[in-house]
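*Asks:* My questions concern the predicted model and sequence given below.
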Amino acid sequence: MNNLANYQHIIIFLIFFIHFFLIPSIGMIVNFYRLGSIKKQINRFGEEILKIPETRKIKKGLYIYYILMILLVVLLAVSSKEPLIFINVLFFIPAFLDIIVRKQYSKYNGFYANGIVMEKFFEWEKIFSWKKIDEDKLSFLNKNGSRFDSSTNHNQQLIIDFLTEKGIKEEK
């Protein structure tokens with residue numbers, strides 16, 4: 001019976017460790033990598049076909065919120081003299097970095113010779129299909145099953161012709 005309780009405690013510890021430490025740490029590493037590789041990604045876009053203005057403006061209040069939360073956790077850790085509280089910063093840094101990365105990519109939103117940039121770079125090889133939503137929007141389905149929508153800046157036929165040329169099929 002005591003052995004079973006030890007296994008349960010180990011499993012519970014592992015679940016909490018993975019959920020509250022490992023996953024945020026990996027998210028932080030991925031976002032640092034994405035932030036550092038933006039310049040390389042820009043070179044891979046290719047020729048610009050159609051520029052799309054930023055659709056979602058990230059408000060300065062969101063930046064301020066994350067900075068204040070990180071400072072609050074650091075101050076709490078320093079004032080309580082408990083270094084383990086610093087781990088709580090891991091909850092805010094990945095989200096803060098994600099906002100910064102999205103903001104950097106959104107400067108280049110548009111259709112390019114090698115893919116689409118919509119707060120992230122999607123290569124044409126990873127796009128499975130597209131469908132028309134309305135007179136200005138197209139919806140794209142990735143090969144991994146995720147979907148994202150994009151404005152065409154009132155040049156939908158240009159993009160549809162380009163997609164057809166690339167061999168990306170239309171959904172019915």
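*Replies:* Here it is on my side, so go on.
*Asks:* what helix or strand does residue 131 sit in?
*Replies:* In the assignment (DSSP states H and E), residue 131 maps to strand 127-132.
*Asks:* Dump that strand to PDB, keeping only the CA atoms.
*Replies:* C-alpha atoms of strand 127-132 as PDB (Å, rounded to 0.1, in the frame of the first residue of the first chain):
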ATOM      1  CA  ILE A 127      -0.700  24.800 -47.100                       C
ATOM      2  CA  PHE A 128      -3.200  22.000 -48.100                       C
ATOM      3  CA  SER A 129      -6.100  24.000 -49.500                       C
ATOM      4  CA  TRP A 130      -7.900  27.300 -49.500                       C
ATOM      5  CA  LYS A 131     -11.500  28.500 -49.700                       C
ATOM      6  CA  LYS A 132     -13.200  31.800 -50.300                       C
END
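*Asks:* packing partners for that strand?
*Replies:* Contacts defined by 3 or more CB pairs under 8 Å, 6 or more residues apart in numbering; DSSP states H and E place strand 127-132 against strand 137-142, helix 156-166, strand 169-170. C-betas here are computed from N, CA, C, even on glycine.
*Asks:* just the angle between it and strand 137-142, please?
*Replies:* 160 degrees (axes from the mean of the first three to the mean of the last three CA atoms, to 10 degrees).
*Asks:* now what about strand 127-132, what contacts it?
*Replies:* 115-116, 138-143, 156, 160, 163, 168-172 (CB atoms under 8 Å, 6 or more residues apart in numbering).
*Asks:* at 10 Å instead, please
*Replies:* 115-116, 137-145, 147-150, 152, 156, 159-160, 163-164, 166, 168-172 (CB atoms under 10 Å, 6 or more residues apart in numbering).
*Asks:* Could you tell me which strands that strand is paired with, and in which direction each runs?
*Replies:* Here strand 127-132 is paired, per DSSP bridges, with strand 137-142 (antiparallel), strand 169-170 (parallel).
*Asks:* Highest mean neighbour count across the ones you listed, which stretch is it?
*Replies:* strand 137-142 (a mean of 17; mean count of other CB atoms under 10 Å).
*Asks:* Show me which residues of the helix or strand following that strand are buried.
*Replies:* Note on strand 137-142: by DSSP H and E, the next helix or strand toward the C-terminus is strand 147-151. Neighbour-count burial for strand 147-151 flags 150, 151 (criterion: 16 or more other CB atoms under 10 Å).
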